[in-house]
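Asker: Sequence and computational prediction follow.
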Amino acid sequence: MSFIEVRQISKTFKLAKKKSGLKEAIKSFFKREYIYVEAVKDISFSIEKGEIVGYIGPNGAGKSTTIKILSGILNPDKGKCIIDKMVPWEDRKRFVKKIGVVFGQRSQLWWDIPTEDTFLLLKDIYDIPEEEYQKTKEDLVEKLNLKDIINIPVRQLSLGQRMRCEIAASLLHNPEILFLDEPTIGLDAVSKQLVRDFIKRLNKEKQTTIILTSHDTSDLETLAKRIILIGKGQVLYDGSLKKLKNKYETERIVSIKTKEKLEIRNKGIKSKKKNGEGYDIVIDTKVITISELLNIISKKIVIEDIEIDNESLDNIIVKIYKDYKI
Amino acid sequence: MKYYINALGMHLKSELEYRTSFIFSFFSQIIVFFSYYFVIISLFSKFDNIKGFTMYEVLLCFAVIQFGFAFNEVFARGLDKFDSLIVHGTFDRVLLRPRNIIIQVLYNESDFVKSSRLIQSIIILIIAVIKLKIKWSILKIICLLLMLISAVVIFFSIFLLAASYCFITVQGLEVRSVFTDGGKHMAQYPIGIFNKGFIFFFTFIIPYAFVNYYPLLYFIGKSNKVYYAFSPLLLFIYVIPCILIFYLGVKKYESAGS
Amino acid sequence: MKAYYTYFKLKFITGLQYRSAAIAGISTQFFFGFVYIMVFYAFYESGSGSLPMEISALSTYLWLNQSLFALINQFYRDPELFDLIKTGNISYEISRPKNLYLMWYFKLLGQRLSNVVLRFFPIIIITSLLPKPLNFTLPVSPQAFILFLVALSIGTLLVVSLSVLYPIIALLTMNEKGIVNIFAVVADLLSGVVIPIPFFPPILKMISRVLPFQYISDLSFRIYVGDISIQNGIYGIFIQLIWLFITITIGYSIMRHNIKRVVVQGG
């Protein structure tokens, strides 16, 4: 059995309907209507120890519901979920010692006091032995570059500084699994990079299993080899990021640097345009692969340099969402 | 327990970060508190007794109840503000930690400003006890202590029940104040002055009578029944189902979300 | 003027949506009303002392107090306004091309009215069915009733003009809790919401006479139950109007001259 095993999990929420206008307000005063929303239905996947998985989907797709179920905050209506031989929502105290959770949009740090004080409190809460605490703390302080900010009241920290402290706070007890819900939301490029590098290192050094949700596709590209895409409460894709890209990336631009003149009219070449130092050729990779193209061209002319443009993951995701009408 | 005390320390630390605000709030609480016993003093300026109870007897009753309430406001504020824990998702964080849920909720909020009420209620208690010229005995000391402790326990129970209500809905929370503020307001008078329906309700449903009435009768010498002095102990039984109900609420939260 | 009306309407409608809050409010008010009346009743039954008011008039006074509580109490705050101040988002409000004072005034008026509409009738209907002398009764005379309506309307405008001052005080002092609370407690106490003014000790009665707070509700309620004669009532309404003018002028001019400066300084 895998480290994390999720089998056919479903969850439905009941919500009160709200309409606008005085008449509706009075009406709903006496009689409430409810709507039922299936947040997730029949979701299954398994994750091995030490994986980094990007869990993506548009707003309202059921991402946070899944995270809540996996972290034991919510129990599903149907389905099974076993993480490290435990059911998250049973045996809460034992389970939560194994996980760390970072909510990018919420804070677990105390607003008016320095981060270090929150750490001390967490040390008591998680029963971390003094020696281990010091070791872990020093390690985190060094890797997340917290030395100068750990003694400043949290309210005076910048968003990026705060997020680094948040992440450290979630890792003080050395969890085996880390849930990161939008960890880079609102951060500037430098902070983003720092957070990403740290996560990568953590995964490599401690084999921490990481489940990451993000709308920032460059997070996913740098961190997650595997993607689980959900939409309308269902798993739409589960596999490597590469495959996903290949599937949707049918159009690519190959730029050739050459001084010679190029005549080419094969199938699969959609267009050819002269640029300053050569040509931009747009091809359909379903019909002709890049190596085939290069083969043909190199027989005709001398290529000085080539550049192959990657279609951004952003565009791919937009395409997928369109495809699935979500 | 250690982390609870540490957390309280941190609350105090964060409140003191805003020193002027803290001082102003502290004094405003003194005035708020004054407005409470102002009512009693005003009424006794027009009347000399209420169903046989004198002003200092009523003030004693008042002080005991206010003490219990203020104690919870300082040390169990998290229960009182439980709705915001749910709304802001802080309760999720509570569930993510390997500790007792209720204790975590308790230390999530604290309101040290309300300690000014705690101090005032003790002052009024002392004044009332002195003016009443109590014939002291060991039993009476125990009786008074039990009254104070049970006042803490009863409001803790009610706060727990009110917090449990937040698991169903965070709307209409004003209803909480019937039982917390309303209960406090009523129980600052000896229950015996009210009509039978009220007395029944506040003996058997929310047992204020065992906090401020039966032990009071013994303490001020209106009754010789020794078991009246120990009747506050019943509150320790009362709190058990309240705790269970809260945990039922937690179960519901885990299955329905917020 | 239309913009202010829209503000008013918006707040009024939003208020009506809080069904459970209204039901909860009604039960709270009932409970408090019962406790107050029973305490008084117990005092009256113990029968020693001078009675400033008949028990039946007092019951009606107290039920008016409870049924109109949402309209007249000092502790009702618009959390939105205080959030604006706390977060500094007030700069946006100030940048709107409308008078901020009037905007706030109509917002608060809308809120108070919608809160009271839902609570008033159920409480009045049920309490008039209670056994005598604890029930709610009709006004002493038609003239008194008309005068009551006038005094209550002006009282409502007065309480709103006072409650606009709270966010203004908070903004000037950059302290949202303490000072405002002190103000509100004093106002509440002296307005007769806590205990009717005829029951005040003499000194406090004197103090309350020279302050605006008793004109919020105490005046109209006592006209209703006949504790204040028609003639004195008209005189009272005259003073009420003066206070309304004064409080609005204070709020309006502070807002006009000081707020911008404060906000700019506060960053």
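Answerer: Noted; the coordinates are in hand. Everything quoted here is computed from the prediction, not taken from an experiment.
Asker: C-alpha from now on. contacts and neighbour counts both.
Answerer: Fine.
Asker: Rounded mean pLDDT for the strand or helix carrying residue A:203, please.
Answerer: Applying DSSP states H and E as the criterion places residue A:203 in helix A:189-206. For helix A:189-206, mean pLDDT is 92.
Asker: How about stretch C:67-74?
Answerer: Per-residue scores along stretch C:67-74 average to 90.
Asker: is it up against chain B anywhere?
Answerer: No - using Cα under 8 Å from any Cα of the partner chain, stretch C:67-74 stays clear of chain B, coming no nearer than 12.0 Å.
Asker: Sketch out the low-pLDDT regions of chain C for me.
Answerer: C:48-49, C:95, C:97, C:174-177, C:259-267 (pLDDT under 70).
Asker: what residues does the stretch 151-258 of chain B put near chain C?
Answerer: Counting by Cα under 8 Å from any Cα, the stretch 151-258 of chain B sits next to chain C at B:171-175, B:177-178, B:182, B:185-186, B:193-195.
Asker: ok and the very next helix or strand once past the helix holding residue A:203 relative to helix A:189-206, angle-wise?
Answerer: The helix or strand immediately downstream of helix A:189-206 is strand A:209-213, counting by DSSP H and E. Counting by axes from the mean of the first three to the mean of the last three Cα atoms, to 10 degrees, strand A:209-213 lies at 150 degrees to helix A:189-206.
Asker: buried ones in the helix or strand just after strand A:209-213?
Answerer: On the C-terminal side of strand A:209-213, the nearest following helix or strand under DSSP H and E is helix A:217-223. Using 16 or more other Cα atoms under 10 Å in any protein chain shown as the test for burial, helix A:217-223 gives A:217, A:218, A:219, A:220, A:221, A:223.
Asker: Give me the contacts around helix A:217-223.
Answerer: Here helix A:217-223 makes contact (Cα atoms under 8 Å, 6 or more residues apart in numbering or on different chains) with A:52, A:54, A:184, A:196, A:199, A:200, A:214, A:241, A:313, A:314.
Asker: what do you get for stretch B:6-22?
Answerer: With Cα under 8 Å, 6+ apart, stretch B:6-22 has contacts from A:112-113, A:117, A:121, B:107-110, B:112-113, C:175, C:177-178.
Asker: Got a quick PyMOL command for the buried subset of the contacts of helix A:217-223?
Answerer: PyMOL command restricting the contacts of helix A:217-223 to the buried ones, with burial defined by 16+ other Cα under 10 Å:
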select buried, chain A and resi 52+54+184+196+199+200+214+241+313
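Asker: Can you classify the residue of the stretch 1-150 of chain B found nearest chain C by secondary structure?
Answerer: Going by Cα to the nearest Cα, chain C is nearest to residue B:25 of the stretch 1-150 of chain B, at 4.0 Å. Classification of residue B:25 using DSSP: H, G, I helix; E, B strand; the rest coil returns helix.
Asker: likewise residue A:81?
Answerer: Taken by three-state DSSP, the conformation at residue A:81 corresponds to strand.
Asker: Residue A:71 is in contact with that one, correct?
Answerer: No - applying Cα atoms under 8 Å, one finds residue A:81 not in contact with residue A:71, separated by 10.4 Å.
Asker: Mind listing the shared neighbours of those two?
Answerer: By Cα under 8 Å, 6+ apart, the residues touching both residue A:81 and residue A:71 are residue A:88.
Asker: Give me the nearest residue to the residue in the stretch 151-300 of chain A positioned nearest to chain B, chain neighbours excluded.
Answerer: As assessed by Cα to the nearest Cα, chain B sits closest to residue A:153 within the stretch 151-300 of chain A, at 9.3 Å. Among residues not flanking residue A:153 along the chain, residue A:114 sits closest, at 3.9 Å (Cα to Cα, 6 or more residues apart in numbering or on different chains).
Asker: And the one you found, its phi and psi?
Answerer: Note on residue A:114: backbone dihedrals following degrees, to the nearest 10 are phi -60, psi 150.
Asker: do you know how far it is from residue A:156?
Answerer: To residue A:156, residue A:114 is 9 Å away according to Cα to Cα, to the nearest Å.
Asker: Just say helix, strand or coil for residue A:228.
Answerer: strand.
Asker: could you say which helix or strand contains residue B:241?
Answerer: Applying DSSP H and E, one finds residue B:241 within helix B:234-256.
Asker: what's next to that helix, contact-wise?
Answerer: Contacts of helix B:234-256 (Cα under 8 Å, 6+ apart): A:13, A:73-77, A:89, B:150, B:153-154, B:156-158, B:160-161, B:163-165, B:167-168, B:207, B:210.
Asker: Name only those of those that count as buried.
Answerer: A:13, A:73-76, A:89, B:150, B:153-154, B:156-158, B:160-161, B:163-165, B:167, B:207, B:210.
Asker: Can you list which of those residues are found in helices?
Answerer: Among the buried ones among the contacts of helix B:234-256, the members found in helices (DSSP state H) are B:150, B:153-154, B:156-158, B:160-161, B:163-165, B:167, B:210.
Asker: Could you report the distance from the nearest residue to residue A:248 once chain neighbours are set aside to chain C?
Answerer: Closest residue to residue A:248 apart from its sequence neighbours, by Cα to Cα, 6+ apart: residue A:316 at 6.1 Å. The spacing between residue A:316 and chain C, counted by Cα to the nearest Cα, to the nearest Å, is 38 Å.
Asker: Report pLDDT for residue A:316.
Answerer: 77.
Asker: for it, helix, strand, or coil?
Answerer: Going by three-state DSSP: residue A:316 is helix.
Asker: okay, now it: neighbour count?
Answerer: 18 (other Cα atoms under 10 Å in any protein chain shown).
Asker: show me what contacts it?
Answerer: A:245, A:248, A:249.
Asker: re the thing from before, what separates the residue of the stretch 1-150 of chain B closest to chain C from chain A, distance-wise?
Answerer: 18 Å.
Asker: you'd agree that residue is up against residue C:178?
Answerer: Yes - shown here, residue B:25 and residue C:178 form a contact pair, counting by Cα under 8 Å, at 4.0 Å.
Asker: more crowded one of those two?
Answerer: residue B:25 (24 against 20).
Asker: name the element the most centrally placed residue in chain B belongs to?
Answerer: With distances taken as Cα atoms, centre = their mean, chain B has residue B:69 as the residue nearest its mean C-alpha position (2.4 Å). Residue B:69 is part of helix B:55-75, with elements assigned from DSSP H and E.
Asker: Packing partners of that helix?
Answerer: helix B:19-46, helix B:115-132, helix B:138-168, helix B:183-187, helix B:209-212 (3 or more Cα pairs under 8 Å, 6 or more residues apart in numbering or on different chains; DSSP states H and E).
Asker: Export these to a markdown table and append columns for mean pLDDT.
Answerer: Converted to a markdown table, the helices and strands packed on helix B:55-75 look like this (pLDDT from 0 to 100):
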| stretch | mean pLDDT |
| --- | --- |
| helix B:19-46 | 86 |
| helix B:115-132 | 94 |
| helix B:138-168 | 94 |
| helix B:183-187 | 89 |
| helix B:209-212 | 94 |
